[in-house]
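Visitor: model the structure of this input:
(chains A, B, C, D and E)
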Amino acid sequence: MELTVEYFLTVSAALFAIGLYVALSKRNAVGVLMGVELMLNSVNLTFIAFSRFTPADNQITGHVFALFVITVAAAEAAIALALAVVIYRLRRTVNVDELNLLRW
Amino acid sequence: MLTFIVFSPLVGALLCLLVPRRREADTRWVALAGSLVTMGASIALLVLFDKDDGGFQFLERATWVNSEGAGFKLQYLLGIDGLSVALVALTALLTVVSVLVSFGITLRQREYFFWLLVLETGILGVFTSLDLILFFIFWEVELVPMYMLISIWGTGRREYSALKFVLYTIAGSSLMLAGFLILGFEAGTFDMTELRNIEITDAIVPLNVLFALLIAAFVVKLPVFPLHTWLPDAHTDAPTAVSVMLAGVLLKMGGYGILRICITIMPAQADDWALGLAVFGAINVIYGAILTLRQVDLKRLIAYSSVSHMGYVLIGAAALGEVGLMGASLQMVTHGLITGLLFVMVGLVYDRTHTRQIPEMSGLAVRMPFLATAMVFAGLASLGLPGLAGFVAEFTVFIGAFERFEAPTLLGVVGVLLAAAYILWMIQRVFFGPTSEKWADLDAPVQWWEGAPVLVLGALILVLGVYPTWLIEVMEQGVVPISERF
Amino acid sequence: MDDLGIVIAFWTLSGLTVGSALLIVVTRNIFHAVLALIVSFLGVAGLYVLLSADFIAVAQVLVYAGAVSVLMLFALMLTPRQARNNAANYLEIPGLLLSLVIGGLITVAAVSTDWAEVDDDRGFDATSRLIGEALIDKWVLPFEIAAVILLVAMVGAIMLVREDQ
Amino acid sequence: MIDWGESVQRMGPIVAVLVTAAVILIADLFPLRKRWLSVVALVGLAVSAGYAVWLLGDDERGSAFADTLVFDNFSAFFQILFAGATAAVVLASIGYSEQFRIRQGEYLALLLTGAAGMMLMASTTDLLAIYVSLELTSISLYILTAVAKNERSMEAGLKYLLTGAISSSVVLYGMAFLFGATGSTSLDGIAAGIAERYDEVEFAIILGIVFLAGGFAFKLAAIPFQMWTPDVYEGSPTPVAAFLSVGSKAAGFAMLLRVFYTALGDNEVSGDWQILIGGVAAASMIIGNLLALPQTNLKRLLGYSSIAQAGNILVGVAAISAGNDEFSIGAAGTMFFLASYAITNLGAFVAIILISGRLGSYEIKDYAGLGRRWPLPAAALALCLISLTGLPPAVGLWAKVYIFNAAAQADLWWLVLIAVGNTALAAFYYLRVVAQMYLREPDGELAEKPAVDVPLSLSVGLTALGVVAFGVMPFPLIEAAERAAEIFAA
Amino acid sequence: MYLTEIPEEAVWAIFASPLAALALNVAIVRRFPTWAGLLNVLAVGISFALSLWLLDTAADRDGVDIGFKSHELFTIGPMVVNVGATADGLTAVMLVVVTSVSLLVQIYSIGYMAGDDGYSRYFAFMALFTASMIGLVLADSLIIVYAFWELVGLCSFLLIGFWFQRPAAAAAAKKAFLVTRLGDLGFLAAILLIWSETGTFDINELFELALGGDIGTTALMLFMLGIFAGAVGKSAQFPLHVWLPDAMEGPTPVSALIHAATMVVAGVYLVARLFPIFQTDADVMAVVAGIGGFTAIFAATIAIVMTDLKRVLAYSTISQLGYMMLALGSGAYVAAIFHLFTHAFFKALLFLGSGSVNHATGTFDMREMGGLRRIMPITHITFLAGALSLAGIFPLAGFWSKDEVLGSAWDDNKIWFAAALITVGLTAFYTFRAFFMTFWGHYRGSTAEGSAGGHGHTPHLAESPLVMILPLAVLMVPALVAGGANLPGVGGLVDILEGSLPEGVEEHHLEFSWAIAAGSTAIALAGIVLAYALYGRGQVAARVPETLRPAQRVLENRYYLDRLYEDYIVGFLFYRVGGGLLEAFDRYVVDGAVNGVAWVAGQAGTWGRRAQSGQLQTYGAVAFAGLAVMFIAYVVAVSP
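Guide: Numbers count the residues shown, from 1 in each chain, chains lettered A, B, ... in the order given. Below you'll find the predicted structure:
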């Protein structure tokens, strides 16, 4: 059989969906973060797949894009975890559904 | 000239704020001076106005926001014709009256007179601006002062009423803005002097919808059933002077807009809508009159009577003939004077009795003969007694409208009877009959600032009733061009 | 790319990726979740290799499977045991439906698009050099900005975590 | 190869800001009065703005860094706007950060990096660069939101960050599909690709558009990514909230305009998405206004109002088809509105900082009778609220009129009707605050008048002045916006 | 005959002089009230003199209009409003009636109103009324007629309510104005209609158009009916008669002048003025006659049972007005005006007499009078003269005019004749019932303090002062001999009046018939005798046979009409039910809708913010739901 871009896109779609589900349904802040990371991974997968299969004015672009996504994601993760730690200090919990001082 | 007239009250207003706190009681003199200056200027305007040459006069044109590319050319364009000059004079006069009747105010005088004069600027701007957007701006200017005046110096559920007034107006004027923009986009200009020569043939909305958008704000202001319910509340809770302004000129902004914008710019659609307008006018007359009969609050009674009387404006305007339009215009001015006087009287009575509940009053005529006489006079004028201003206007409306709409006009005629009923009944209950001992020791002398406005207004009403020609000739200069659009 | 090995590799790797991702969903222990996440990351890296994106694959392994996951573990370590569950919240069902819909939509869009196909298979040696060049030429601006981002993240993280006296 | 000199010069305003940030971080290490840091920041911003003006002056327009960044009227407009807004925030922050013991150095540096990110968002012309700039802004703001380090601030920060991360993954997905469909990440390239084979890749483009719009909505605080807004506004330090409501929103719109007008400006496409954006606008206005009605906390109120205002501004974006060979009226309207909104909302926020600094409360009911106890700040706040309502004599009126005018020209009359309808709704809650200040009698005694905070008062005065000045004479602002919109000339 | 032709200025002066009196009164005299009366007398005196001059001129010209051209008041496009003075026979006669009676009443009032604290106000109103009435008669344009028509209505309102502290007076005043205005609606509508048909208000032009057949018959008929509606209101014809009896709450001189001699005949005058148009349509004429005839009997029957002297006279007035209408309806234009002419004098005389009585007894309740003929002989004589004249006894004024009416009725339609004849009997009966109850028998009232009716005189039984007696004496003359103004065969009025009709308009001219004269006189005498039999010896209430009791009750309640109008139709149906419903509608439906919208918006907000639960993941879910919706909507929108 012939592997085309659609296959990879489908995989990344599945990954994105799962990541989304994790992000939405996990109480633990770290869990949510995992979800987000999954989604970003699916994005990267898409970029790579495209730069492999579809014509572009510069085939490497996808790779570079993915690279930056990884970098930024790492930075974000760092901030997120820092926040999680501090919040745990203040509130003795990292469950996002208990963070509802601010509402209505 | 016009700029001076429009902004002199603003200057006066600022001066009011500058009055030192310990001399606050003297603010009223500043305000009076300011309003008198404006009135003097507008009288001069009335004199200088050349009723023989058509078109707009005293034009003042300055490009304000010029963004041709965006089809957004906004001019500071003031000008008057016979129609507006009369209303300008009316506004100036009634402002003086309002200031005078407010002499008794003690609460936060500086702010009070400040807002009152700002209000005047807004209204004058509406009557003089010839650029749709400028018109809209002035239209909005009047909101904040009214809101403040009613909700700070008012009585009863004043904040509810004030907010109701503001929201009604904003809702209407927003639609009007939409209409203006669409119109301006089609015509390529917001300049009324040009628009009155342009035939709007199509727009991005059906033309009748566009007409509805344009008229929305005005029917709210006029007010037309079923959009009238803000009026009684606002009137009931507003201080006297504000009621005078509200009934005297603010309502006229509605009628003025209909004549100046809706009918002038979109004659064809006006023609389509005419019957509807006439019917609504008739409903206004009857509905308002019957409700007036039911009122037991003196001020609310007058307020509902305004609803009824504004119906005549609508009927006259709907007739779209010279006579009808003229009648509508006359009705605006005369009703301004008459209802203004009525509200002044109600205010003066209230100052003495401290109640507006009709059942609590009786036989006041003995205690306050002057007020009673004036009230009877105003009442007679309001019920369209020949020889007084109201009759001329209403009769003209009838004559103008009868040919086109028999049934609505006849309903309007019936309104005359109802008017007599509620006015006379009110007078009977308030001033006639035995004097209840509650008022036995009630003898507040009439101060000059109370008497003066009454006499002035009364005289005007009488003169206009006996010899209206001079006003008619002035107004015709403005009305005839409109009627010629048909 | 149609030779059998690659096809098999694709299916295995994607199965691994998606499967372990699903494991994150179902497992009750958050440590297992993190481990599953790492596996999934590795699976993705494999797919990169399959797409002959060697450099990215390596980066993926280092940054994600390495750094990020470790960060997460650290964060979890800092929280006591009872906080270490992986329970789902009230959005279990609606979230499921929602993610199905979104995934479905993406898939639909993906398959119903007529992609212009080229098979651009350059050897492993190529990419790293190309990327390197791109980073100092075409993409130098993002490169610099990324540097700033990292600085900001560093400063911020420190400022947030440090206890003020 | 890249012409570094030219590139760096064309990036000058941004470089200036970044350098200032670095300087501050370093200077923070030395023991000197923290106020100097603010002075440095202000100087840097002034330099940046001046630099932009100078570049315009000798016509240094053009692209840089291999077409990933461009300096044109558009970028200049926003760079100056951001410089000004940031300066106002800095002024407002001095007293505040001392009051709440916020670390000046990092705070200012992050403010500046955030500003730089916004400027980049307005200037970059390549999806990749745009994404990175976007993240620079976001990350700076995430930290700023949490900078107060109390529970609420932290919660706000985490919420903001996680929502932001999710939204950026959405944005990325959209970008990926655009890239895949057109084979390019530069906006022009994408436009070319679409023109080339739209019909084949239509679905990918649609997905791209929807995801981009949705993801950008996070920055705009518009539907569907709006729900974080009130929480974050309430939780974050007030100056930061001001920065969010003005800077980050404006940057988002700059980005939106660039991408949608340049890359997706092709009539075939825009004809469709202008309805999408219009729908988003309508939804944002309605929801924002409705939810603002029952609010009791002023900051939350402004949060919801900012959602509604985002809707208002989107009306301008939707009006892409309103244009001429000179400039795009829709874009011009958007930018004019943004500028007016920036002045107005900053004014409102700084006034609130000043007032609440004395009241120690953001509850509307505590503002009772303020009009008479503390006239000037109250007047300033009232003025800004009136401007937000869109009544004369404030600049807000013009913004409203102009943008509705644009929509009318784009035949979006249904949108105009919804918008005008909403102004009535909005008037209700804005004026409620005014009423509270001027009509209600105060209950309880007012705290002693604090020592006058000069910089804060200065920013209050300036913004209020701006509101009135441009209310009377809006033309310069409109002119600027229209010049900036020239790059989208039809 | 004796004088040169009157110039226009003089004609206007007739109108102007009372107006001047009013102005002076308001401006200056108010401060020295005592002069108010004299001022009025002087002013009206001038008017009277000038009116005589006009009459003289008219006589010279056989009543043909002098034809002063009218002056423009104002113009709006096609709508031209002119004022001009008609100076033909009809006007002249009317003016003489108005000014003469007015003059005498003013003199009388000086005495009657003496000491009332509203003295100068009273005369101001009187002056205004006289002026308006003159204007009404002079005007040559429908719209101006309407204007003065309303003004006299106003004066009637003001004067009825002169003692406004009495609730009854205030109510009566309002009632009078409203009821008449109800009729005026017809008048106004008629004007609108005729204008939209012809575009003019000028009466003479209308004559030409109407007689030239240039106006559609339906329009013309509607026009006439409208005008007649106005006349019915003003002249208190059935069914709008209810206001007149109540109007007796006003001072008696007012009743004499306004509600007997002048204003109430304005309706008759209007129909007469437009007679040329009316006589073109037999049906309308029939309506006029029918209403008139019915009213004549109807009112007379009520007058039989009234115990209040003034009310008797009031109903008598209504009845007589019906008489005149009947005459007009049967085409006897001259007869109608003739009767108007005579009636003005003797009815004014009777009212003033009753006033004089009241001045003495302090009441109008005849049950408290009696035997006054010894106490106040002059009043008694004059009243008797008036009564005889009213009853139509040969050869007094009333006889001649009534006789012409009867004659014309006979020629026109026997039913009208029957009605008229019955009325004659009734009239004679109630008149003399009143006369006997008042002056004969012996005094029944309390001589002591008390029974404060009138305007609060306590009875001091004596003849009234000279200022009051004098007018009675003067009025008695015309009441006796005014018939001479138009003796059959001799002519007089008839020439003047017919001359004032346009060419080719035939008014019903009749020959004197001894039969009718004799018959009517006989019936009248019979009525008098019956009255004497029942009341001649001072009985308070006649012994009414059981069978007639219900009838009596009905009559005493004025056929329950007033109650029907006020309590049931206006009070209950219109105000309570109609108004109540409408008010509820306004409050709950119209206003409720508005507040409802506001409420809904508020609720939407309150519910909507529930979603803002502070739950981060809810936010995410919402966002993605939004995305999905956007995507699907977009696809749907794009793919046709």
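Visitor: contact partners for E:Ile258?
Guide: Contact analysis of E:Ile258 by Cβ atoms under 8 Å, 6 or more residues apart in numbering or on different chains lists E:Phe129, E:Val152, E:Cys155, E:Ser156, E:Leu159, E:Ala247, E:Gly250, E:Val264. For every residue, glycine as well, the C-beta is placed using N, CA and C.
Visitor: measure it to E:Val152 for me?
Guide: Applying Cβ to Cβ, to the nearest Å, the value for E:Ile258 to E:Val152 is 8 Å.
Visitor: all the helices of chain C, residue numbers only.
Guide: With DSSP state H, the ranges of helices along chain C come out as C:4-26, C:30-50, C:54-59, C:69-78, C:92-111, C:124-136, C:140-161.
Visitor: which stretch among those comes nearest B:Glu24?
Guide: helix C:140-161 (53.9 Å; Cβ to Cβ).
Visitor: the closest one packs against which elements?
Guide: helix A:61-91, helix D:104-123, helix D:127-146 (3 or more Cβ pairs under 8 Å, 6 or more residues apart in numbering or on different chains; DSSP states H and E).
Visitor: weakest of those in terms of mean pLDDT?
Guide: When the helices and strands packed on helix C:140-161 are compared on average pLDDT, helix A:61-91 comes out lowest at a mean of 90.
Visitor: so which bits of it are buried?
Guide: A:61-88 (16 or more other Cβ atoms under 10 Å in any protein chain shown).
Visitor: and the residues you listed near chain D, which?
Guide: Near chain D, taking Cβ under 8 Å from any Cβ of the partner chain as the test, the members of these found are A:61-62, A:64-65, A:68-69, A:72, A:75-76, A:79-80, A:83-84, A:86-87.
Visitor: helices and strands of chain D: which one bottoms out on pLDDT?
Guide: helix D:370-373 (a mean of 83; mean pLDDT, DSSP states H and E).
Visitor: got the buried residues for that one?
Guide: Residues of helix D:370-373 classed as buried: D:Leu370, D:Gly371 (neighbour count, 16+ other Cβ under 10 Å).
Visitor: quick check: what element follows that helix along the chain?
Guide: Where DSSP states H and E defines the elements, the next helix or strand beyond helix D:370-373 is helix D:375-389.
Visitor: output the contacting helices and strands for that following helix.
Guide: Partner elements for helix D:375-389 (3+ Cβ pairs under 8 Å, 6+ apart): helix D:329-359, helix D:370-373, helix D:395-409, helix D:413-438, helix D:454-472.
Visitor: thinking again about what came up before, what packs against the least confident helix or strand of chain D?
Guide: Here helix D:370-373 touches helix D:375-389, helix D:413-438, going by 3+ Cβ pairs under 8 Å, 6+ apart.
Visitor: I'd say B:Val474 and B:Leu48 touch.
Guide: No. Counting by Cβ atoms under 8 Å, B:Val474 sits too far from B:Leu48 to count as a contact (11.7 Å).
Visitor: what sits against the residue in chain B that chain A sits nearest to?
Guide: Per Cβ to the nearest Cβ, B:Leu163 is where chain B lies closest to chain A, at 23.5 Å. Taking Cβ under 8 Å, 6+ apart, we find B:Leu163 in contact with B:Tyr147, B:Ser151, D:Phe428, D:Leu431, D:Ala435.
Visitor: low pLDDT regions in chain C?
Guide: Applying pLDDT under 70 to chain C flags the ranges C:1-2, C:82-83, C:119-125, C:164-165.
Visitor: and the residue of it that's closest to chain D?
Guide: For chain C, Cβ to the nearest Cβ, closest residue to chain D: C:Gly156, 3.5 Å.
Visitor: what about stretch E:81-95, how long is it end to end?
Guide: With Cα to Cα, to the nearest Å as the measure, stretch E:81-95 spans 24 Å from end to end.
Visitor: gap between that stretch and the chain center?
Guide: Counting by Cα atoms, centre = their mean, to the nearest Å, stretch E:81-95 is centred 19 Å from the centre of its parent chain.
Visitor: picking that back up, and B:Val474 and B:Leu48? Which one has more around it.
Guide: With neighbours defined as other Cβ atoms under 10 Å in any protein chain shown, B:Val474 and B:Leu48 compare such that B:Val474 has more, 21 against 11.
Visitor: still on that earlier bit, export the helices and strands packed on helix D:375-389 as TSV, with columns for distance to C:Arg162.
Guide: Converted to TSV, the helices and strands packed on helix D:375-389 look like this (distance: least, Cβ to Cβ, whole Å):
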stretch	distance to C:Arg162
helix D:329-359	26
helix D:370-373	39
helix D:395-409	42
helix D:413-438	39
helix D:454-472	28
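Visitor: give me the three-state assignment for E:Lys174.
Guide: helix (DSSP: H, G, I helix; E, B strand; the rest coil).
Visitor: again, but for E:Ile393
Guide: Reduced to three states by three-state DSSP, E:Ile393 is coil.
Visitor: isn't it right next to E:Ala522, touching?
Guide: No. Using Cβ under 8 Å, E:Ile393 is not in contact with E:Ala522; the gap is 10.8 Å.
Visitor: more neighbours: which of the two?
Guide: For E:Ile393 versus E:Ala522, neighbours defined as other Cβ under 10 Å are more numerous around E:Ile393 (18 against 12).
Visitor: quick one: the more buried one from E:Tyr535, how far?
Guide: Distance from E:Ile393 to E:Tyr535, counting by Cβ to Cβ: 18 Å.
Visitor: can you count the residues close to A:Thr4?
Guide: 16.
Visitor: if we can go back for a sec, any common contacting residues for E:Ile258 and E:Val152?
Guide: Common contacts of E:Ile258 and E:Val152 (Cβ under 8 Å, 6+ apart): E:Phe129.
Visitor: could you tell me how many residues sit around the residue of chain C closest to chain D?
Guide: 27.
Visitor: B:Phe7 too?
Guide: Burial of B:Phe7 is recorded as 15 neighbouring residues (other Cβ under 10 Å).
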